[in-house]
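A.B. asks: Curious how this folds, go ahead:
(chains A and B)
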Amino acid sequence: MATTLSSIQAPVSTICASSQRPHCPTGTQSLLFVSKPSNYTIFAKTSYSFKPSKIRPITAPRATPSSSPPTTFHGQCYVLGDNIDTDQIIPAEHLTLVPSKPDEYKKLGSFAFSGLPTSLYPIPFIQPGTDSTQYPIIIAGANFGCGSSREHAPVALGAAGVRAVVAESYARIFFRNSVATGEVYPIELEHEGVNKQCTTGDIVTVDLERNVFINHTKGKEFVLKPIGDAGPVIDAGGIFAYARKTGMISSVV
Amino acid sequence: MATTVVPPHAAFFGAKKEIGARSSFSPSISAHRCRKHFLNKVLAVMAPAQPSRAPATTGSVKHGMTMTEKILAKSSDKSKLEPGENIWVNIDVLMTHDVCGPGTIGIFKKEFGKNAKVWDREKIVIIPDHYIFTSDERANRNVDIIRDFALEQNIKYFYDIKDLSNFKVNPDYKGVCHVALAQEGHCRPGEVLLGTDSHTCNAGAFGQFATGIGNTDAGFVMGTGKLLLKVPPTMRFVLDGEMPHYLLAKDLILQIIGEITVAGATYKSMEFVGSTVESLNMEERMTLCNMVVEAGGKNGVVPPDETTFKYLEGKTSVNYEPVYSDESAKFISEYRFDVSKLEPVVAKPHSPDNRALARECKDVKIDRVYIGSCTGGKTEDFMAAAKVFLASGKKVKVPTFLVPATQKVWIDLYSLPVPGSGGKTCSQIFEEAGCDTPASPSCGACLGGPRDTYARMNEPMVCVSTTNRNFPGRMGHKEGQIYLASPYTAAASALTGYVTDPREFLP
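C.D. replies: Here you go, the predicted model:
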């Protein structure tokens, strides 16, 4: 997912919480950070009209076992309610795609959240005709990822370009699969109802060092729970890396 | 019984929830309203936090462990452990199927090398069952992938299917993985079974630790035979009272899920005990444990007994050692049910915890009925449905789809006499009632699947189903409406064309 923009590591905290987004006329959308000149970051100079193929989520690079894990995620968020189950994340008819095959991995991404009822979620997660999302961060309510154990769920999200899910709580298999694959960071909120205070398209930042979730569009900050037991596994780069690090299995073949 | 001493480091408490109790000696459940009222009067007794002192200094002896804790302790070579601990567990059986097998194999080869060998060719069971009878090329290819791997690794248990046009000519093919695991003797008390499917918890009926995992974890187990697991605290469900003749285990588990919600058991073990549980046969116990995941549960367990041992006779030659919860074991919570007071229930769209009495949904017009899946497609499930059709003597008013879980179940439908029918088989009764002919055994439309899957919901419609989930789009169409129900309720509903309480037909 490396892009010219994501390689630019501007300090996130310099983006004003009071930054405003200009009104977006239907069909076009500009991402323009208006802030004081002294706080201008490289992000703020960026604006582009909404052409799906040109949208790139601005986030930190994905962690690899050899590099240190990212501490911030930034971009537009997609907001969901409670009990979003794996059938909504990736409908079962797409499970014939094998996640370990690169071309099918990509295809899985194109179907991410295609199971969401359009009456409840009129904004498509992935624009028709494209295969990745403009929303690198998911905000959700309770029990995210309930239902099946299918690893295709976090994989589809990761393949689509999601970097982090920020939810009230998780179903255990989805959480575990996210940690094991390293596809998305499963982050928990300290308090309930945060998703109700966010709107799809809001510009947000997830700061894992300060354990804070910032909604720049709404000008609000929320506390995140520390990553907990999963921390060492995520930091190592997934269950295999962790096992090698702790000597449970011998080093790479 | 649950003790109420809080261990200093634990983040949980022991609470006893008496549902609808008037006194602590006669718990009972009456109307739903009453239940809610009493839930608000939860008797939560929590001792003040103990100062952190080593047991040796206090002179206190280690407390007992629950079944789940004991099984995990045994399988991680520890003499004792506490909920919350992360431990490396030795795995007795790993199961995978056609949907998650290829991905698991891909990860195994990537991480351990393309020439790597699995940790134990006799401990991996590969069961194609999800997308079998379809012309979808990728689905068919996925069965080929797991076959190639099974041959390459000389996997002892691979229940292959090659001729998709006629399941009967495939002697090795079984069908739905969880039912096949039980029928083929792979479920044994005291063991640890992992599967790349959320309903692996089904096997907890045998008094073992069984849970679902993803491809990456499974790939890891394939190479090492171990996995890092977090010990869950146990919730105890005490089911007492004589099982009414119109209730099935499906009603019991839907009752429980409705009580604790779809996240009520997240990261926890659910232990089912009591006289009612003891009276259930193995297939009914499986139904109970099968839907533990629908409450967010990590695993479910039923203490093994004569019923368990008898079922296992002749199925397995592997020695097993049953374990049981200690008297002094600590449970995070306890729920008591007087089963004799319960009524048939359904889970309304779109959540397994959206519980309602079947009789309160009698005005819901339905378009079809589906009887099948690991949850509701076993021999006992079909026998139950047949009983209702037999009692009615009438024909179904809506298309009624029957999908036996495995070849063995299919054979039972065509050979076993239904009690009280004068020697008729299930298949005969189904035919007389106007149901569809029992289909090829597989997971079928429980999870929708490829477009050409038998009984898939391709248009919005209302379905009463003996399956396990009813989230939007579960059986295919996003606007489909699924009412989860017992086989009794499903059959009764088929006869009227509305959601129907089976007492309308059962004498």
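A.B. asks: Give me the spatial nearest neighbour of A:Ile227, chain neighbours excluded.
C.D. replies: A:Ile234 (6.5 Å; Cβ to Cβ, 6 or more residues apart in numbering or on different chains). C-betas here are computed from N, CA, C, even on glycine.
A.B. asks: before we move on, what about A:Val204?
C.D. replies: A:Cys77 (4.6 Å).
A.B. asks: The residue nearest to A:Ile227 contacts A:Gly182, correct?
C.D. replies: Yes - the pair A:Ile234 and A:Gly182 qualifies as a contact (Cβ atoms under 8 Å) at a distance of 7.1 Å.
A.B. asks: one step back: tell me the secondary structure for the residue nearest to A:Ile227?
C.D. replies: helix (DSSP: H, G, I helix; E, B strand; the rest coil).
A.B. asks: distance of the residue nearest to A:Asn211 when sequence neighbours are not counted from A:Ile139?
C.D. replies: Counting by Cβ to Cβ, 6+ apart, A:Leu224 is the residue found nearest to A:Asn211 once chain neighbours are left out, at 4.4 Å. Between A:Leu224 and A:Ile139 the computed distance is 12 Å (Cβ to Cβ, to the nearest Å).
A.B. asks: Pull the number of nearby residues for B:Glu343.
C.D. replies: 18 (other Cβ atoms under 10 Å in any protein chain shown).
A.B. asks: Near chain A, which residues of the stretch 351-500 of chain B? Just list them.
C.D. replies: Counting by Cβ under 8 Å from any Cβ of the partner chain, the stretch 351-500 of chain B comes close to chain A at B:351, B:447-451, B:469, B:471-474, B:476, B:478-479.
A.B. asks: And B:Ser198, how far from A:Leu208?
C.D. replies: 29 Å.
A.B. asks: where are the low-confidence patches of chain B?
C.D. replies: Chain B contains residues with pLDDT under 70 at B:1-62.
A.B. asks: what about the helices in the stretch 101-250 of chain A?
C.D. replies: Ranges of helices within the stretch 101-250 of chain A are A:102-110, A:152-160, A:172-181, A:230-236, A:239-245, based on DSSP state H, counting those that start in this stretch.
A.B. asks: didn't the residue nearest to A:Asn211 look like it was pressed against A:Glu188?
C.D. replies: Yes - look at A:Leu224 against A:Glu188 with Cβ under 8 Å: they come within range, at 6.8 Å.
A.B. asks: got a list of what B:Asn281 touches?
C.D. replies: B:Thr307, B:Tyr311, B:Glu380 (Cβ atoms under 8 Å, 6 or more residues apart in numbering or on different chains).
A.B. asks: Kindly confirm my reading that the second one is in a helix.
C.D. replies: Yes - counting by three-state DSSP, B:Tyr311 is located in a helix.
A.B. asks: partners of A:Ile187 in the sheet?
C.D. replies: A:Val166 (DSSP bridges).
A.B. asks: So how do I select the buried members of the contacts of B:Asn281 in PyMOL?
C.D. replies: To isolate in PyMOL the members of those that are buried, counting by 16 or more other Cβ atoms under 10 Å in any protein chain shown, one can use:
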select buried, chain B and resi 307+311+380
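A.B. asks: can you redo the contacts of B:Asn281 as CSV with distance to A:Arg163?
C.D. replies: Output for the contacts of B:Asn281, formatted as CSV (distance: Cβ to Cβ, whole Å):
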residue, distance to A:Arg163
B:Thr307, 50
B:Tyr311, 48
B:Glu380, 47
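A.B. asks: re earlier: got any residues that touch both of A:Leu224 and A:Glu188?
C.D. replies: A:Val166.
A.B. asks: What ranges does the stretch 151-300 of chain B have for its strands?
C.D. replies: All strands of the stretch 151-300 of chain B, identified by DSSP state E, counting those that start in this stretch, fall at B:157-158, B:192-195, B:209-212, B:226-230, B:234-240, B:269-273, B:299-301.
A.B. asks: Counting by contacts, list what the third one packs against.
C.D. replies: The elements that strand B:209-212 packs onto, with contact taken as 3 or more Cβ pairs under 8 Å, 6 or more residues apart in numbering or on different chains; DSSP states H and E, are helix B:67-75, strand B:192-195, strand B:299-301.
A.B. asks: which of the helices of the stretch 101-250 of chain A is buried the deepest?
C.D. replies: helix A:152-160 (a mean of 29; mean count of other Cβ atoms under 10 Å in any protein chain shown).
A.B. asks: Give the other helices and strands that that helix contacts.
C.D. replies: helix A:86-89, helix A:102-110, helix A:172-181.
A.B. asks: How about the residues of the stretch 51-200 of chain B by chain A?
C.D. replies: B:86, B:88, B:99-100, B:102-103, B:105-107, B:110-113, B:116, B:130-131, B:136, B:138-139, B:142, B:145, B:196-198, B:200.
A.B. asks: repeat that for 7 Å
C.D. replies: B:86, B:88, B:99-100, B:102-103, B:106-107, B:110-113, B:116, B:131, B:136, B:138-139, B:142, B:196-198 (Cβ under 7 Å from any Cβ of the partner chain).
A.B. asks: Scan chain B for its longest helix.
C.D. replies: helix B:137-153 (DSSP state H).
A.B. asks: now it and helix A:102-110, what's the angle there?
C.D. replies: Helix B:137-153 and helix A:102-110 are oriented at 130 degrees to each other (axes from the mean of the first three to the mean of the last three Cα atoms, to 10 degrees).
A.B. asks: Can you show me the CA trace of helix B:137-153 as CSV?
C.D. replies: Presented in CSV, the C-alpha positions along helix B:137-153 are these (Å, rounded to 0.1, in the frame of the first residue of the first chain):
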residue,chain,number,x,y,z
GLU,B,137,-14.9,-23.4,-10.5
ARG,B,138,-13.0,-21.9,-7.6
ALA,B,139,-15.0,-23.9,-5.2
ASN,B,140,-14.3,-27.1,-7.1
ARG,B,141,-10.6,-26.1,-7.3
ASN,B,142,-10.5,-25.7,-3.6
VAL,B,143,-11.4,-29.3,-3.0
ASP,B,144,-8.6,-30.2,-5.5
ILE,B,145,-6.2,-28.1,-3.4
ILE,B,146,-7.0,-29.9,-0.2
ARG,B,147,-6.8,-33.3,-2.0
ASP,B,148,-3.4,-32.5,-3.4
PHE,B,149,-2.2,-31.6,0.1
ALA,B,150,-3.7,-34.6,1.7
LEU,B,151,-2.0,-36.9,-0.8
GLU,B,152,1.4,-35.0,-0.5
GLN,B,153,1.3,-35.2,3.3
